[in-house]
Every structure is written in structure tokens, then in C-alpha cells.
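Colleague: Sequence and predicted structure below; questions after.
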Amino acid sequence: MIQNLSMARIGLGAFGLLLPRTFLRMFQGRGHASRGNSVLVRAWATRELALGMITMHELEKDAPSPRVIEINAAVDAVDAVSAVIGWPAIPRRSRLVTFLGGLAAAGASVNYLRTARS
């Protein structure tokens, strides 16, 4: 599951980095594809690429560092909480994706850690 999550991070990160306005139109609608928002998408996309690549690297080892998985969980939990805090201001199209995606990804990381430690 963590490997699939990492591949998704890499794919979405590459998409957001290379085509930020297309990414914004798909996830937030036409009115949000501005230059300013493109800068934020590229920053987010770089984070996703880095997390995905670091996690994939760690998973190649016999004993991946739990710290990397914990960081993934923390980042995804913050995404979910941020979606709740900003709920009224987030376009309808991306509210649930942001909240449920963050929650599911954080849960997958926590589950991986729990399983790895037992």
C-alpha cells in the first residue's frame, strides 16, 4: 500500500510540477488556474515528488526508516485537517478529495507502521 501511495505521490507531483494550470483546472475548476495558484501547486508538487521518491528509496531497503513513514503520515494528516479548516473557501470539487485523500493516506502510513512494528 505504501509503495502505491508513493507512486501516486510521484505521479501527481510530476503532473502538478509540469502542468500546474491543467492540474488546477482539473481539481479546482477554471476560475482558480491563476499564476499565483500555479506557484502554490508547484510547491505542493515538489513536496509530493520528494516524499514519494524518498519513501520509494526507503522501501528498497530491508528495513525502511520508520521516520520517513511517520513524516508521510504527518504531512497527510495536516492536509486533511487543513481541508476541514478551509472547508468553506475550498472549491466543492476538491473538498472531499483533499480531506478523504489526506485521511486515507495518513491511515495507510499508520497502518504500515503498526504492521511493521508487530
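Modeller: Yep, that arrived.

Colleague: Please enumerate the helices of this structure.
Modeller: Assigned by DSSP state H, the helices in the chain fall at 2-18, 20-28, 35-59, 66-85, 92-117.

Colleague: Using CSV, lay out these together with mean neighbour count.
Modeller: C-beta here means a position set from N, CA and C on the backbone, and glycine is covered the same way. Output for the helices of the chain, formatted as CSV (neighbours: other CB atoms under 10 Å):
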stretch, mean neighbour count
helix 2-18, 17
helix 20-28, 17
helix 35-59, 16
helix 66-85, 16
helix 92-117, 15
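
Colleague: Redo the ones you listed as TSV? Include mean pLDDT.
Modeller: Shown next, in TSV, are those (pLDDT from 0 to 100):
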stretch	mean pLDDT
helix 2-18	95
helix 20-28	85
helix 35-59	92
helix 66-85	95
helix 92-117	91
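
Colleague: I'd say Asp76 and Phe99 touch.
Modeller: No: here Asp76 lies out of contact with Phe99, judged by CB atoms under 8 Å, at a distance of 10.8 Å.

Colleague: isn't Ala73 right up against Arg114?
Modeller: No: when contacts are counted by CB under 8 Å, Ala73 is not listed as touching Arg114 (10.8 Å).

Colleague: quick one: contacts for the nearest residue to Met7 once chain neighbours are set aside?
Modeller: Excluding the flanking residues, the one nearest Met7 by CB to CB, 6 or more residues apart in numbering is Gly52, at 6.9 Å. If you count contacts by CB atoms under 8 Å, 6 or more residues apart in numbering, Gly52 has them with 6-10, 13.
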